[in-house]
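# let me see the structure of the following:
(one chain, ligands or ions: 2)
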Amino acid sequence: MAKLSDPVTILKGIGPARAKQFANLNIFTLGDLICHFPRGYEDRTRLIPIEKLEPDVPACFRAMVMNTPKTAHIRKGLDITRVQVADTSARLNLTFFNNRFVTDQLQYGKEYIFYGAVSGDFIGYNMTNPVFEAMDSHPVTTRRVLPIYPLTAGLTNAALLRAVRQALAVCDPPAEILPEPVRRKYGILGADRAYYAIHEPQSMAEAELAKKRLIFEEFFVFSAGLSLMRAARAGKKTEPFEDCNLTPFHSALPFTLTGAQQRAVNEILADFRRGAPMNRLVQGDVGSGKTMVAAAAAYIAAKNGRQAALMAPTEILAEQHYDSMERLFAPLGLRTALLTGSMTVKEKRLVRERIEAGEVDLAVGTHALLSDATTFSDLGLVITDEQHRFGVGQRAKLSEKGRDPHLLVMSATPIPRTLALLMYGDLEVSIIDELPPGRENVDTFLVGESYRPRINAFIRKQVAQGHQCFVVCPAVEENEELNIKAAETWAETLQKTVFPDLRIALIHGRMKGAEKEATMAAFARGEADVLVATTVIEVGVDVPNATLMVIEDADRFGLSQLHQLRGRVGRGKAKSYCILTSHNKNQETLMRLKALCKTNDGFKIAEEDLKLRGPGDFFGSRQSGLPAFRVANLSCDMQTLKDAQQASAEWIDTYGTSDMAEAAALRERIGELFARAEGTMN
Ligand code: ADP
Ligand code: MG
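Numbers count the residues shown, from 1 in each chain. Ligands and ions are numbered 1, 2, ... in the order given. From the prediction side, this is the model:
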């Protein structure tokens with residue numbers, strides 16, 4: 001018996017060349033192969049009479065060969081073989097291109113099983129290149145449910161299926177992790193059947209059951225893992241922070257905190273008092289004012305004589321945070337410092353020396369904060385902004401720079417409530433569900449190319465009123481094929497031919513950090529009228545004078561991402577607008593975009609996204625900060641997700657410390673999942 005960890009090369013027919021093809025699919029071991037699940041199935045179980053075949057709908061039928069196949073050599077590289085077949089209902093002409101074997105294989109007067117689609121015209125039906133098998137053969141391509149695999153160049157579906165079948169014959173599938181009572185309660189197939197049935201189901205119904213089991217299993221492992229992490233942390237102790245007088249902080253703010261902000265601050269205060277490390281997520285829509293909640297937390301840490309670190313995913317954002325914190329904290333006697341990768345070696349060294357000497361109360365920065373060169377004298381609070389951009393591992397790395405410091409993560413990615421618990425199962429959650437007063441909705445419109453003159457006129461009007469505009473493009477360089485507006489080319493077009501009299505600036509992810517900073521800062525100072533950008537501006541930058549955002553080829557972005565982008569306008573007093581353009585004619589796509597025009601509520605948009613795309617895609621998005629799920633990407637229903645979560649909670653209660661085989665297997669799987677997550681997220 002082989003092991004799941006054995007390389008695929010132990011299988012017959014898999015040499016180094018084949019192995020390379022499998023490696024392209026991230027398949028290295030038998031286990032990888034067995035977990036390379038079909039993306040769909042073709043139901044070839046039912047045989048229908050020829051008469052009932054419908055144009056362009058592939059189906060199976062049983063028919064007798066009515067003549068000897070004849071091959072005509074049309075020209076070099078083109079041979080056409082024709083043969084007629086029939087059942088009791090009708091006759092059908094088959095055509096094969098460049099298939100020399102047909103003549104040998106199809107014998108006059110014998111019956112075969114065929115699978116293919118007819119195409120029809122007024123002369124009669126015809127079928128091109130059907131697959132066929134002899135009646136007494138082992139069903140491979142007909143009379144079965146055929147799994148359809150994600151493939152790579154050179155590797156056919158049949159070759160993949162053969163390899164999977166071999167793997168399942170020589171080694172046992174992954175061990176069962178779900179105790180029998182759990183499987184019974186939730187109607188879940190056992191592992192011993194599911195791993196076979198997902199690849200070679202007897203029926204479509206069985207394929208569905210197998211899929212359900214594997215999705216359930218994946219979510220089960222994930223949420224059990226989070227629960228265990230939470231339990232492990234619950235045992236940890238840390239020095240509590242004492243409450244301090246927040247009046248100076250409040251008076252230094254140019255506004256009063258909203259009720260929701262105050263609530264979040266109170267929840268943080270309660271965590272600080274508890275004597276265990278805080279682990280809290282502050283989730284709030286773009287513009288809801290999360291930064292000031294973080295500032296309050298940093299203030300309390302400083303008043304307790306401890307350092308705080310605030311990590312942002314981009315240099316631009318780190319710099320902006322630094323500016324607002326410095327402005328707020330300097331008059332309060334708190335020392336703030338900035339540390340980013342693009343600073344000179346000397347600048348960085350000086351800042352690090354101050355951090356290590358305890359001369360900095362709040363260090364704001366990018367990944368540079370994580371580097372081994374950064375040592376804190378007494379780190380008591382770690383804050384990460386836009387948490388979805390960071391992996392669990394990065395959070396952990398920053399935490400290790402202190403003695404079990406408190407952890408605060410902030411995210412504007414509105415995760416539907418139904419998924420939030422699953423994603424952030426190891427965190428307490430504060431939700432800021434209220435925007436600062438006076439904010440008006442950003443009016444959003446979806447238009448086609450025919451509106452171009454009106455869009456241009458509108459940009460001109462905003463600029464004439466002294467406002468600024470963002471124009472967001474989906475890519476940096478032009479891509480003819482996809483006809484998407486690349487930022488570079490578009491900026492040039494706008495400057496040269498459309499707005500020669502306006503100041504057009506350009507910013508994109510391929511520019512150097514310092515260059516980006518400078519462009520962004522200049523735009524914020526009002527030194528450009530229109531900023532053509534890629535999604536680098538998605539996160540955080542505050543330009544209150546910007547009142548219009550045009551998003552080109554909006555269908556290329558996810559809904560939540562569009563909402564995030566739109567949050568860059570509507571930050572000042574003036575009425576703001578967002579115009580989405582799209583060439584797309586697909587009704588579903590347009591529906592998705594229209595959902596964005598109807599509401600400004602990030603949570604509602606996320607729910608809509610979820611409804612339209614299903615949780616599979618939601619989790620599949622690389623930005624989610626989640627481990628890459630294998631099966632869950634195959635789309636799944638909400639109920640399976642909820643069941644898996646409930647089951648894992650029950651499991652922890654009942655079997656959490658059990659030494660039964662399933663429990664040990666589960667713990668092993670949790671370890672693997674999180675190890676994989678670290679690998680993909682950093
Ligand atoms: P986000 O939640 O997207 O990080 P920010 O913290 O950047 O939001 O805040 C968005 C804007 O709202 C900032 O300009 C900030 O100064 C302002 N702001 C935050 N809280 C309030 C408040 N309570 N009243 C008025 N304005 C506020
Ligand atoms: Mg923010």
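
# can you name the next helix or strand after the helix ranked longest in the chain?
Ordering each helix of the chain by length in residues (DSSP state H) puts helix 204-234 first. Proceeding N to C from helix 204-234, the next assigned helix or strand is helix 247-252, under DSSP states H and E.

# could you list the buried residues of that next one?
249, 252 (16 or more other Cβ atoms under 10 Å). To be clear about C-beta, it is placed using only N, CA and C from the backbone, and glycine gets the same treatment.

# could you export that helix as CSV, CA atoms only?
The C-alpha trace of helix 247-252 is given here as CSV (Å, rounded to 0.1, in the frame of the first residue of the first chain):
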residue,chain,number,x,y,z
THR,A,247,-10.9,63.7,28.2
PRO,A,248,-7.7,65.2,26.7
PHE,A,249,-7.9,62.8,23.8
HIS,A,250,-11.5,63.7,23.1
SER,A,251,-10.8,67.4,23.4
ALA,A,252,-7.9,67.1,20.9
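
# check which element follows that helix along the chain.
Counting by DSSP H and E, what follows helix 247-252 is helix 259-273.

# can you name every helix or strand that that next one contacts?
strand 279-284, helix 290-303, strand 402-411, strand 428-432 (3 or more Cβ pairs under 8 Å, 6 or more residues apart in numbering; DSSP states H and E).

# what would these look like in TSV with mean pLDDT, mean neighbour count and distance to ligand 1?
Formatted as TSV, the helices and strands packed on helix 259-273 follow (pLDDT from 0 to 100; neighbours: other Cβ atoms under 10 Å; distance: least, Cβ to the nearest ligand atom, whole Å):
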stretch	mean pLDDT	mean neighbour count	distance to ligand 1
strand 279-284	88	24	5
helix 290-303	96	24	3
strand 402-411	87	23	7
strand 428-432	87	19	7
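
# quick one on the thing from earlier: okay, the angle between the longest helix of the chain and strand 279-284?
Relative orientation of helix 204-234 versus strand 279-284 (axes from the mean of the first three to the mean of the last three Cα atoms, to 10 degrees): 120 degrees.

# now helix 204-234: average pLDDT?
Averaging pLDDT along helix 204-234 yields 84.

# now do the buried residues in that helix.
206-207, 209-229.

# in contact with the residue in the stretch 451-600 of the chain that ligand 1 sits nearest to: list those residues for me.
Closest contact between the stretch 451-600 of the chain and ligand 1, by Cβ to the nearest ligand atom, is at residue 542 (5.2 Å). Residues in contact with residue 542 (Cβ atoms under 8 Å, 6 or more residues apart in numbering) are 320, 524, 571.

# now the buried members of those residues.
320, 524, 571.

# which non-adjacent residue is nearest the residue of the stretch 51-200 of the chain found nearest ligand 1?
Closest contact between the stretch 51-200 of the chain and ligand 1, by Cβ to the nearest ligand atom, is at residue 150 (37.2 Å). In this structure, residue 150 finds its nearest non-sequential neighbour in residue 39, 5.3 Å apart by Cβ to Cβ, 6 or more residues apart in numbering.

# what's the separation between that neighbour and residue 28?
20 Å (Cβ to Cβ, to the nearest Å).

# pick out whichever of these two has more residues nearby.
residue 28 (16 against 13; other Cβ atoms under 10 Å).

# the more buried one touches residue 9, doesn't it?
No: the criterion here is Cβ atoms under 8 Å, and residue 28 misses it with residue 9 at 9.4 Å.

# now the element after the strand or helix carrying residue 310, going C-ward?
Per DSSP H and E: residue 310 is located in strand 307-311. Downstream of strand 307-311, the next assigned helix or strand under DSSP H and E is helix 315-329.

# so what strands line up beside the helix or strand just after that next one?
For helix 315-329, the following helix or strand on the C-terminal side (DSSP H and E) is strand 336-339. Strand 336-339 pairs in its sheet with strand 362-365 (parallel), by DSSP bridges.

# can you confirm whether the helix or strand just after the strand it pairs with lies near ligand 1?
Where DSSP H and E defines the elements, the next helix or strand beyond strand 362-365 is strand 379-384. No: shown here: strand 379-384 not in contact with ligand 1 (Cβ under 6 Å from any ligand atom), separated by at least 11.7 Å.

# angle of strand 379-384 against strand 307-311?
Using the same axes, to 10 degrees, strand 379-384 lies at 20 degrees relative to strand 307-311.

# what about strand 379-384, average pLDDT?
Strand 379-384 comes out at a mean pLDDT of 93.

# just how off-centre is that strand within its chain?
Centroid separation for strand 379-384 versus its chain: 26 Å, with Cα atoms, centre = their mean, to the nearest Å.

# which strands and helices sit next to it?
If contacts are counted by 3+ Cβ pairs under 8 Å, 6+ apart, strand 379-384 sits against helix 290-303, strand 307-311, helix 392-399, strand 402-411.

# just the residues contacting that strand, thanks.
239, 241, 294, 297-298, 301, 304, 306-312, 390, 394-395, 398-399, 401-403, 405-410.

# again, 6 Å this time
Under the criterion Cβ atoms under 6 Å, 6 or more residues apart in numbering, residues 294, 301, 306-311, 390, 398-399, 401-402, 405-409 lie in contact with strand 379-384.

# dump it to CSV, restricted to CA.
Only the C-alpha atoms of strand 379-384 are listed here, as CSV (Å, rounded to 0.1, in the frame of the first residue of the first chain):
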residue,chain,number,x,y,z
LEU,A,379,5.3,46.7,22.8
GLY,A,380,1.8,46.4,24.4
LEU,A,381,-0.6,46.9,21.5
VAL,A,382,-0.5,45.8,17.9
ILE,A,383,-2.9,47.4,15.4
THR,A,384,-3.2,46.3,11.8
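
# pop the domain breakdown of the chain in here.
Listed domain ranges for the chain are 1-43+144-172, 46-142, 175-235+644-682, 247-432, 443-599 (source: automatic domain parsing).

# would you turn those domains into a markdown table with distance to residue 606?
Output for the domains of the chain, formatted as a markdown table (distance: least, Cβ to Cβ, whole Å):
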| stretch | distance to residue 606 |
| --- | --- |
| domain 1-43+144-172 | 25 |
| domain 46-142 | 37 |
| domain 175-235+644-682 | 18 |
| domain 247-432 | 4 |
| domain 443-599 | 6 |
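
# can you tell me which of those domains is most buried?
Most buried of these, by mean neighbour count (mean count of other Cβ atoms under 10 Å): domain 247-432, with a mean of 20.

# where does the chain have its least confident helix or strand?
In the chain, no helix or strand scores lower on mean pLDDT, DSSP states H and E than helix 417-423, which sits at a mean of 62.

# how about the residues of the stretch 401-550 of the chain by ligand 1?
So far as Cβ under 6 Å from any ligand atom goes, the stretch 401-550 of the chain lies against ligand 1 at 412, 436, 542.

# OK, contacts around the nearest residue to the first one once chain neighbours are set aside?
Leaving aside its sequence neighbours, residue 412 sits nearest to residue 286 (Cβ to Cβ, 6+ apart; 4.9 Å). Contacts were defined as Cβ under 6 Å, 6+ apart; by that measure residue 286 touches 412, 564, 567.
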